[in-house]
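[1] Everything below, folded, please.
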Amino acid sequence: MQSFRSEIENPIVEKDIIDLEKKIQLFYEGKIDEARFRSLRLARGVYGQRQFGVQMIRIKLPYGKVTSEQLHRIANVSDEYSRSRLHITTRQDIQIHHVSLDRAPELWAELEKDDITLREACGNAVRNVTASETAGVDKEEPFDVSPYAHAVFEFFLRNPICQELGRKFKISFSGTDKDTALSFMHDLGFIAKIKDGVVGFKIMIGGGLGSQARLADILFDFVAADKIIPITESVLRVFDRYGERSKRAKARLKFLIKDIGFDAFIKLVEEEQKALSITSFPIETDGFDSEIDFSQIETPSATIIDQEAFDLWKKTNVIQQKQEGFSAIGIKVHLGDFYTDKARILADLVKKYAGNEIRLSLRQNILIRHVKNELLPFFYVELEKLGFVEAGYESTLDITSCPGTDTCNLGIASSTGISTELEKVLKNEFPQYVNNKDITIKISGCMNSCGQHTMAHIGFQGMSIKSGKLVAPALQVSLGGSVLGDGSGRIADKVLKIPSKRGPSALRTILNDYQTNLNASETFVNYYDRQGEKYFYNLLKPLADVSNMQESDFVDWGADTNYITEVGVGECAGVVIDLIATLLFESEEKLENASESFKQEQYADSIYYSYLSIVNTAKALLISDGKKTNTHAGIIEQFEEVFASEINLNVPFSDFIYQIKNNEPSKEFAQNYLSDAQSFYKKVDAFRANIVSNEN
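    Presented below is the predicted three-dimensional model:
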């Protein structure tokens, strides 16, 4: 495993990978407890899988952009370390499954050779920054949001203010008012705007799906583009300090805003302005995408055998770009899964005949960009060989689904199995929906809504249902969700729960009723509103009857044995060690990071690492005294109450630690704050050692 070290050019990345390698070894030796190791592992894209002893690796691909070279690299890694399958997520990532934990550092090092990272792809950090997959080619966009999404991704990668948040934090960039990147369901969502000739964004805040979905609020109707990174930093600082940490179900930003109120939250954000690392961050857009010499691209001849199929494909899967003479080609990827042999051929096609990149979509598909219109017949022929010309890109027939019980620990019922069955219903019985963009169908294996069923026109959520003493896989049917545009959206109503094997009948019933009773030009959402939730409850109620269930109803889709409700097996356990000692050890690491950042003249980073060390050290002492440590703000308040007389700081603890809010990130303050943090750690460590000594 040591061989990769000499091959990594970036010393920061090399240190990160070596650190993961060391922590894996310490975990195996029982020197790091499982909870702390899980946090470190997740922040490096290594996620526990349902199957024992293997991991899912999530590859972070900002705004879904993948070059030919990167796709080859990912395919090679999947062949070497996994099973040659690639899975596209609803956040424009790629996941590979069944990877041995001890091979994760080596895998990561291989990916970094083509500038691909795992860092913060999972865990309580800023997740992948998503964007409209048509950004840069959309005829309706005021400008390309890609460089802005990229700048946000780079600025917050490894940034100390967002390494150990209470929960994940999601950011999106929509290129037009259609809001195709779904700003209304993100912690921060940016929508491209131009006002009085100034490039900027409308900003949405505090959205989220899951069991308690919340639509985002408008943070700003318009801000200039150079302000989006300072605003994001302010929000993250407040979330880090005041966000819930102990109650996982209440730890997202949406709950913090709900609990303290929008105005109170904004006030806290404003109070962070003095401490920001930057107050303006102009984002360079010139030369963001290298110019492609399309004059060198040849136009091979191609023979279309089935003209009708080709014409349908052009109608449903080809998008005219704003660049005259060019098109983007949508590839519908069933369940988001494709294999490395096809990935390599696709990579070679886009390198030789297109713009040398693909974009992954939020609906788990692939978009090839910058294809000369005269090359469309050639691409059709070549993609047909790969099985990549199925009509209906991003249409009703294009169902979104999370992996569910196939690999996910949290999956309750099969989402991929029911997705396959529903697509059969659509193809065979409702082929007229092949180019329908009005109705979306989405499926999640649990309440977390990774398949985004909560915002679908027709959504299904994996559940379980009882019939006597037996338990069967079930689906919660949700209706009426929608993207309304410009930051507005609708959360679907939970109509009723049915056995999973009746899912196809439910879809058939809903669509037949819609076709029979809709008014002229009435959208599905309009129709749903006119009829009302109770109407659909009564329509589907016969399917919810559990008194007449068949033996097959107790077997989930794709399974051959009776259904059992269970959470998948977690990762191999480590020996639980002294949590207090672990926290204090982490405080030392944070002080080391603060010192290193100071040496590199990264004063804002140094200050934040010092802050994290102080609050982590205070947390250790509070836990040793049996106190709750739900939020940073709560830790600060409690420490002052409990230990003010024990740890002499000459000033109240809140004044001591909140220097971070009241000072600009200068060299002098960074040095003094680091010294304060080091002194505080020594006092607490000595106090704790004295307690342990007396206990023994």
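[2] you'd agree residue 203 is in a strand?
    Yes - assessed with DSSP: H, G, I helix; E, B strand; the rest coil, residue 203 lies in a strand.
[3] Near it, how many other residues are there?
    Neighbourhood size, residue 203 [other Cβ atoms under 10 Å]: 25. Heads up, the C-betas are built off the backbone N, CA and C, glycines and all.
[4] Tell me if I'm right that it and residue 219 touch.
    Yes - between residue 203 and residue 219 a contact is recorded at 4.3 Å, counting by Cβ atoms under 8 Å.
[5] neighbours around residue 490, how many?
    The burial count for residue 490: 20, using other Cβ under 10 Å.
[6] Quick one: low-confidence residue ranges for the stretch 151-300 of the chain.
    For the stretch 151-300 of the chain, the stretches with pLDDT under 70 are 290-291.
[7] where exactly do the helices run in it?
    Applying DSSP state H, counting those that start in this stretch to the stretch 151-300 of the chain gives helices spanning 228-242, 253-260, 262-271.
[8] packing partners for the last one?
    Counting by 3 or more Cβ pairs under 8 Å, 6 or more residues apart in numbering; DSSP states H and E, the packing neighbours recorded for helix 262-271 are helix 228-242, helix 253-260.
[9] ok, 6 Å please
    helix 228-242 (3 or more Cβ pairs under 6 Å, 6 or more residues apart in numbering; DSSP states H and E).
[10] Where do the strands of the stretch 151-300 of the chain begin and end?
    All strands of the stretch 151-300 of the chain, identified by DSSP state E, counting those that start in this stretch, fall at 171-174, 188-195, 198-205, 217-224.
[11] Tabulate these in JSON lines, adding columns for distance to residue 487.
    Below are those laid out as JSON lines (distance: least, Cβ to Cβ, whole Å):
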{"stretch": "strand 171-174", "distance to residue 487": "8"}
{"stretch": "strand 188-195", "distance to residue 487": "6"}
{"stretch": "strand 198-205", "distance to residue 487": "5"}
{"stretch": "strand 217-224", "distance to residue 487": "6"}
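[12] most tightly surrounded among the ones you listed?
    For the strands of the stretch 151-300 of the chain, average neighbour numbers computed from mean count of other Cβ atoms under 10 Å are highest in strand 171-174, which has a mean of 29.
[13] what are the pairing partners of it, and which direction each?
    Looking at strand 171-174 with DSSP bridges, its partner strands are strand 130-131 (parallel), strand 188-195 (parallel).
[14] hang on, the earlier thing: list just the one of the helices of the stretch 151-300 of the chain that sits closest to residue 525.
    Closest approach to residue 525 among these is made by helix 253-260 (23.0 Å; Cβ to Cβ).
[15] Just the C-alphas of the closest one, formatted as PDB.
    The C-alpha coordinates for helix 253-260 follow below in PDB (Å, rounded to 0.1, in the frame of the first residue of the first chain):
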ATOM      1  CA  LEU A 253     -30.100  23.200   8.600                       C
ATOM      2  CA  LYS A 254     -33.800  23.300   8.000                       C
ATOM      3  CA  PHE A 255     -34.500  22.300  11.600                       C
ATOM      4  CA  LEU A 256     -32.200  25.000  13.000                       C
ATOM      5  CA  ILE A 257     -34.000  27.700  10.900                       C
ATOM      6  CA  LYS A 258     -37.400  26.300  12.000                       C
ATOM      7  CA  ASP A 259     -36.300  26.100  15.700                       C
ATOM      8  CA  ILE A 260     -34.800  29.600  16.100                       C
END
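[16] Distance from that helix to the middle of the chain?
    In terms of Cα atoms, centre = their mean, to the nearest Å, the centre of helix 253-260 is set 20 Å apart from its chain centre.
[17] For it, which residues meet the burial criterion?
    253, 254, 255, 256, 257 (16 or more other Cβ atoms under 10 Å).
[18] Confirm for me that residue 316 is in contact with residue 433.
    No - counting by Cβ atoms under 6 Å, residue 316 stays clear of residue 433, with 10.6 Å between them.
[19] Can I get the lowest-mean-pLDDT helix or strand in the chain in PDB? Just the C-alpha atoms.
    Least confident element among the helices and strands of the chain, by mean pLDDT, DSSP states H and E: helix 34-42 (a mean of 82). The C-alpha coordinates for helix 34-42 follow below in PDB (Å, rounded to 0.1, in the frame of the first residue of the first chain):
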ATOM      1  CA  GLU A  34     -16.100   2.800  15.800                       C
ATOM      2  CA  ALA A  35     -18.100   6.000  16.000                       C
ATOM      3  CA  ARG A  36     -15.100   8.300  15.500                       C
ATOM      4  CA  PHE A  37     -13.700   6.100  12.800                       C
ATOM      5  CA  ARG A  38     -17.000   6.200  11.000                       C
ATOM      6  CA  SER A  39     -16.900  10.000  10.900                       C
ATOM      7  CA  LEU A  40     -13.400  10.100   9.500                       C
ATOM      8  CA  ARG A  41     -14.100   7.400   7.000                       C
ATOM      9  CA  LEU A  42     -17.300   9.000   5.700                       C
END
